[in-house]
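Visitor: pasting the structure only:
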């Protein structure tokens, strides 16, 4: 998982001593650092594109619902007028 997201750790290690769990980070080899930075940049770009696409889908959905509401009078709410 750390490799996929471009994290600068090799992972987490867990050891048990006298019934207690201890966590530690496994250090990354130095030759892996440039590859991880490149992968992290790709992940940020992919997430930015996914967020932008999601926003565009939301905007298109909103516009579509507004067009539908204005085209069909039956979807409008008519309030009775007071005399």
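Guide: Happy to help now that I have it. Predicted model, so just to flag it, every value in this text is computed and none were measured.
Visitor: so where's this protein shaky on pLDDT?
Guide: 67-83 (pLDDT under 70).
Visitor: hmm, try it at 90
Guide: For the chain, applying pLDDT under 90 flags the ranges 1-12, 26-29, 32, 36-37, 39-83.
Visitor: spatially central residue for it, please.
Guide: Against the mean C-alpha coordinate of the chain, by Cα atoms, centre = their mean, the closest residue is residue 47 at 5.9 Å.
Visitor: go through the helix or strand harbouring residue 45 and flag the buried ones.
Guide: In this structure, residue 45 sits in helix 33-71 according to DSSP states H and E. By neighbour count on 16 or more other Cβ atoms under 10 Å, the buried set for helix 33-71 is 36, 39. Quick note: C-beta positions are derived from backbone N, CA and C, even for glycine.
Visitor: list the helices and strands it packs on?
Guide: Here helix 33-71 touches helix 2-5, going by 3 or more Cβ pairs under 8 Å, 6 or more residues apart in numbering; DSSP states H and E.
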